[in-house]
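Quick one, fold the following:
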Amino acid sequence: MTSYTGYLVETVATLVCVCGVAFVVLYGARRLGIGRPTGPVSLVGHLPLDPRRAVYLIKVASKVLVVGVTEGGMTKLSELEASELPAPPKPQNPFADVLARVMGKPPPKRDEGGDP
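Below you'll find the predicted structure:
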């Protein structure tokens, strides 16, 4: 029985160590900004068509690329000027408003841009 218990303790200790190292690496990468978007590229819109197909609007400088994505890869479908896109609609029920209503508090005030 002792060899089984020793093996179990060693396995759990190894698992805890691996999870701890993974947490530290991911936390450090997040704090350093690794994986965050930078530069003149941004995602403007996304329309999932089915679980493996979607259409993306990707803004690159003053252009917007319409890109189709499938399990086989990505395809540029069209290209637009960024000025041709309509302004994004304001959200109807942002999460902060719903949470404030549930908690019985007034909704948070926003500036004219719609951001809290």
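
Tell me which helix or strand in this structure has the weakest average pLDDT.
helix 95-103 (a mean of 84; mean pLDDT, DSSP states H and E).

next one: that one to chain centre, how far?
22 Å (CA atoms, centre = their mean, to the nearest Å).

what does stretch 53-61 give?
15 Å.

quick one: contacts of that stretch?
40-49, 64-71, 77, 82, 85 (CB atoms under 8 Å, 6 or more residues apart in numbering). From N, CA and C alone the C-beta is placed, and that goes for glycine too.

Can you classify the most centrally placed residue in the chain as helix, strand or coil?
For the chain, the residue nearest the mean C-alpha position is R36 (9.5 Å; CA atoms, centre = their mean). Put simply, R36 is coil when judged by DSSP: H, G, I helix; E, B strand; the rest coil.

How about the contacts made by R36?
With CB under 8 Å, 6+ apart, R36 has no contacts at all.

how near is it to R30?
8 Å (CB to CB, to the nearest Å).

same check, this time on T75
In terms of CB to CB, T75 sits 32 Å off from R30.

And for G104?
For G104, the distance to R30 - CB to CB - is 34 Å.

out of those two, which sits in the busier spot?
Comparing G104 with R30 by other CB atoms under 10 Å, the one with more neighbours is R30, at 11 against 6.

and that one, what element?
Using DSSP states H and E, the element containing R30 is helix 2-32.

on contacts alone, who are the packing partners of that helix?
Using 3 or more CB pairs under 8 Å, 6 or more residues apart in numbering; DSSP states H and E, no helix or strand is in contact with helix 2-32.

Can you list the strands that the next helix-or-strand element following that helix pairs with?
Remark: after helix 2-32, the chain's next helix or strand is strand 41-50, criterion DSSP H and E. Paired strands of strand 41-50, with direction, are strand 53-60 (antiparallel) (DSSP bridges).

So which bits of the partner strand are buried?
Buried residues in strand 53-60, counted by 16 or more other CB atoms under 10 Å: Y56, L57, I58, K59.

would a markdown table of the residues you listed with pLDDT and distance to Y7 be doable?
Formatted as a markdown table, the buried residues of strand 53-60 follow (pLDDT from 0 to 100; distance: CB to CB, whole Å):
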| residue | pLDDT | distance to Y7 |
| --- | --- | --- |
| Y56 | 95 | 49 |
| L57 | 93 | 54 |
| I58 | 93 | 51 |
| K59 | 91 | 55 |
